[in-house]
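Asks: 3D model of this:
(6 chains)
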Number of protein chains: 4
Amino acid sequence: MLLTVNMRDKRPIYKQIVGGIKNRILSGELKADEQIPSVRQLATDMNINPNTIAKAYAELERLGVVYSAMGRGYFVSPDISGAREEEKEEIRRALLLCAENAERCGVEKALVTEMALSAIDEAYEVYKDINERNGENDKNK
Amino acid sequence: MLLTVNMRDKRPIYKQIVGGIKNRILSGELKADEQIPSVRQLATDMNINPNTIAKAYAELERLGVVYSAMGRGYFVSPDISGAREEEKEEIRRALLLCAENAERCGVEKALVTEMALSAIDEAYEVYKDINERNGENDKNK
Amino acid sequence: MLLTVNMRDKRPIYKQIVGGIKNRILSGELKADEQIPSVRQLATDMNINPNTIAKAYAELERLGVVYSAMGRGYFVSPDISGAREEEKEEIRRALLLCAENAERCGVEKALVTEMALSAIDEAYEVYKDINERNGENDKNK
Amino acid sequence: MLLTVNMRDKRPIYKQIVGGIKNRILSGELKADEQIPSVRQLATDMNINPNTIAKAYAELERLGVVYSAMGRGYFVSPDISGAREEEKEEIRRALLLCAENAERCGVEKALVTEMALSAIDEAYEVYKDINERNGENDKNK
DNA sequence: GTGGTCTAGACCACA
DNA sequence: GTGGTCTAGACCACG
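Replies: Numbering: from 1, shown residues only, chains lettered A, B, ... in the order given. This next block holds a predicted model:
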């Protein structure tokens, strides 16, 4: 299964799909010019209305991470450097929002810094864990 | 003017009000048991539908940062330690979300760390500026 | 009637709406922060499905010529300089496409130039005619 | 390679082919009664569905720039003056559309004129470059 | 088979 | 009342 929607996630379904596929492209999991599932295919796989998938795909195209070829399907853009820079900028903005919010609430700078560093550690620890788990799986083969 | 809402902000107006007042309380700008503007007063001041203000105040009461005295208005809660802890937890969650997103997009850990630290610096620079400006204001009093 | 769709126009309905409203904004006919018809209102006025209008409005927002305020409606952006520059760039590209096509077909440069100048004259003559007609209307008042 | 199609071009493939071949005929690159590649040949050369090529060739025949000889293939029409006139008319219409659009958006007439002239200059600069390059090729023969 | 557009009708949150 | 999302089902052009 390429994607699953999280019903507890407050984001609309089509944005979850946008985020999921964008992540898979930016992380290199989906390669340049590789075809992604057709609208109807993904719709039946995920048990979601095709219109919703189409809306997500249209936004992905607008973001420049995929392109559509009439009658053939959707493909990963060969050049995603623009989207990658935009993503970094978005992360930067989100971090700044967090920091500003903390500052306005009177949280001390040292505490915010500690929280940020531990959050980053946690996020990248998960990454490490996955790698280690994959390594174990490889051994078991 | 106690508060201003940004009509172009994508967050609903009532949440902008909740955030604005909560920040002013957590930062100590609004003191314990101090009365906040009445629903009607704030509604006319901000040129906003009273229902929207009422919704915001109800949410603030639910969060435990204000309490209502039937027929007399809304007042700042004397004990906001619970809300303060919750706010910290929320910031922590937001930071973790940022970090996880960065990790999923293949951003290197070092870059995220650098971005976070500079964002925090930027947020607290502003804080410092405001303090300095307030200091000048104090002199003028 | 603010807008009409031309069934003989090959462009999809939602793009005709986008173009029509964008033109009215860029030409100054719709002023900054002025509200445009609600999705449902325009849908009933034009006898078109609300989803189609919503699609057009979403694109207009993406283009930066309008902004939406949840629960209140859509409004003309106060700053449309970006959209105006983009529009000029688009016109420039379209003209270049025409010229390249003419060149590839072996049309002489002098002829293309004459055709372009007469086309521009014709387009701005219409403008003049409208002004004159308005002038006559004013006299008749 | 006689032709290449751009998969990221939004125009349908068969229209790209029609345009490409029509241009080569109108510019004199393909001479009267010269045979053009067979449907199968071009389909394998361009790695494109033969149905698409057939559709393009049918359109070219309808436009009167090629004719088919049952079982022997497609050939360039000896008289393409009609198609040439139609092409000029099409270019004229496209230029008028550009001009009208510019007028509706409130672009000043002088600016449109300047944009048109520079676009034509740019297109025919390229033409000049190609001629010079061809000249060099001729010397090498 | 593919994507693109449109209609019809529903539900939600927001003001 | 407003916009935003989602579903269901239809038709079209393209390959």
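
Asks: At the contact with chain B, which residues of chain A appear?
Replies: A:22-23, A:26-28, A:84, A:87-88, A:91-92, A:94-107, A:109, A:111-113, A:115-117, A:119-120, A:122-124, A:126-127 (CB under 8 Å from any CB of the partner chain). Heads up, the C-betas are built off the backbone N, CA and C, glycines and all.

Asks: Can you read off the pLDDT for A:Met115?
Replies: According to the prediction, A:Met115 has pLDDT 96.

Asks: Residues in contact with stretch A:41-59: which ones?
Replies: Residues from elsewhere that reach stretch A:41-59, judged by CB atoms under 8 Å, 6 or more residues apart in numbering or on different chains: A:1-5, A:13-15, A:17-18, A:21, A:36-37, A:39-40, A:66, A:68, A:74.

Asks: whoops, stretch A:74-82 was the one
Replies: With CB under 8 Å, 6+ apart, stretch A:74-82 has contacts from A:25-26, A:30-36, A:38-39, A:57, A:60-61, A:64-69, A:83.

Asks: end to end, how far does that stretch reach?
Replies: End-to-end distance for stretch A:74-82, by CA to CA, to the nearest Å: 19 Å.

Asks: go on, stretch A:74-81?
Replies: End to end - CA to CA - stretch A:74-81 spans 19 Å.

Asks: That one and DNA strand F, are they touching?
Replies: No: against DNA strand F, stretch A:74-81 shows no contacts by CB under 7 Å from any atom of the strand, the least distance being 13.1 Å.

Asks: buried sites along that stretch?
Replies: A:74-77, A:80 (16 or more other CB atoms under 10 Å in any protein chain shown).

Asks: Correct me if wrong, but A:Ala56 is in a helix.
Replies: Yes: assessed by DSSP: H, G, I helix; E, B strand; the rest coil, A:Ala56 belongs to a helix.

Asks: Could you report the neighbour count for it?
Replies: By other CB atoms under 10 Å in any protein chain shown, 25 other residues sit near A:Ala56.

Asks: Please report how far it lies from C:Asp121.
Replies: For A:Ala56, the distance to C:Asp121 equals 47 Å [CB to CB, to the nearest Å].

Asks: List only buried entries from the contacts of stretch A:74-82.
Replies: Here, 16+ other CB under 10 Å leaves A:25-26, A:30, A:36, A:39, A:57, A:60, A:65-68, A:83 buried among the contacts of stretch A:74-82.

Asks: Farthest pair within these?
Replies: A:Leu26 and A:Val39 (21.4 Å; CB to CB).

Asks: Just the C-alpha atoms of stretch A:98-107, please, in PDB.
Replies: Below are the C-alpha coordinates for stretch A:98-107, written out as PDB (Å, rounded to 0.1, in the frame of the first residue of the first chain):
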ATOM      1  CA  CYS A  98       6.800  27.800  17.100                       C
ATOM      2  CA  ALA A  99       9.600  29.900  18.500                       C
ATOM      3  CA  GLU A 100       7.500  33.100  18.300                       C
ATOM      4  CA  ASN A 101       4.600  31.400  20.000                       C
ATOM      5  CA  ALA A 102       6.900  30.100  22.800                       C
ATOM      6  CA  GLU A 103       8.400  33.600  23.200                       C
ATOM      7  CA  ARG A 104       5.000  35.300  23.400                       C
ATOM      8  CA  CYS A 105       3.900  32.800  26.100                       C
ATOM      9  CA  GLY A 106       6.900  33.600  28.200                       C
ATOM     10  CA  VAL A 107       8.800  30.400  27.800                       C
END
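
Asks: which ones are touching the most centrally placed residue in chain A?
Replies: When CA atoms, centre = their mean is applied to chain A, the residue found nearest the centroid is A:Asn23 (2.9 Å). Each residue near A:Asn23 by CB under 8 Å, 6+ apart is listed here: B:101, B:104-105.

Asks: Please enumerate the helices of chain A.
Replies: A:13-26, A:39-46, A:50-63, A:81-104, A:109-140 (DSSP state H).
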